[in-house]
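Trainee: here's a sequence, model it:
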Amino acid sequence: AQQIAARSGISIRTVFRLTSDVDSLHAAAVSRQVERLAPLYVALDVEGRLPVRINALVENRASIFETIAPVRRVAERLAASSATIADGLTRSHQLLRAQVRQVFATELGHLPSGRRRDVLNAADVASSWEAWDQLRRRMGLSRLESARATRELLGGILQPHETH
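Mentor: Here you go, the predicted model:
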């Protein structure tokens, strides 16, 4: 609320007079973020060669994750105390997981059902915000290096190989 007041040039009291509570501010922030990011969530090709689909997914994720990074890091901190923000993060994860399931449906469809779930889980994690943030912030890799690492992870997970 203090940051909103400072950026808007109004008092904190005015911020709370204009909104019913902090959670409504969070809801407005989530809504604004969804609007802002909508153009980045594009339909990806679900057919064609696996390396091409992996590259398309990784490039799309890189665009999204580089755009959301500062806001996402704040949201992660606030999620523990805001059900609205936690719900927004959950919906985002569900959307991204569904995209992985869709883009790699061919590879997943060839697996036995128990293995299919494990491979989907691994591909979901490999292409997640958390993995991207680990590569970029914790490991200090460039966007290009992070994209290469993510492609390697997805390729290793999704290439046909022996059942374990």
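Trainee: give the contact list for the residue nearest the centre of the chain.
Mentor: Nearest to the geometric centre of the chain sits W129, at 4.5 Å (C-alpha atoms, centre = their mean). Residues in contact with W129 (C-beta atoms under 8 Å, 6 or more residues apart in numbering) are 65, 68, 72, 92-93, 96. For every residue, glycine as well, the C-beta is placed using N, CA and C.
Trainee: can you give me the helices for the chain?
Mentor: Secondary structure of the chain (DSSP state H): helices located at 2-8, 12-18, 22-37, 50-78, 83-103, 105-109, 113-126, 129-133, 143-158.
Trainee: quick one: these as CSV, columns for distance to A43 too.
Mentor: Output for those, formatted as CSV (distance: least, C-beta to C-beta, whole Å):
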stretch, distance to A43
helix 2-8, 35
helix 12-18, 37
helix 22-37, 15
helix 50-78, 10
helix 83-103, 9
helix 105-109, 13
helix 113-126, 18
helix 129-133, 20
helix 143-158, 18
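Trainee: make JSON lines out of the ones you listed and add mean pLDDT.
Mentor: Formatted as JSON lines, those follow (pLDDT from 0 to 100):
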{"stretch": "helix 2-8", "mean pLDDT": "70"}
{"stretch": "helix 12-18", "mean pLDDT": "65"}
{"stretch": "helix 22-37", "mean pLDDT": "66"}
{"stretch": "helix 50-78", "mean pLDDT": "91"}
{"stretch": "helix 83-103", "mean pLDDT": "91"}
{"stretch": "helix 105-109", "mean pLDDT": "96"}
{"stretch": "helix 113-126", "mean pLDDT": "96"}
{"stretch": "helix 129-133", "mean pLDDT": "97"}
{"stretch": "helix 143-158", "mean pLDDT": "97"}
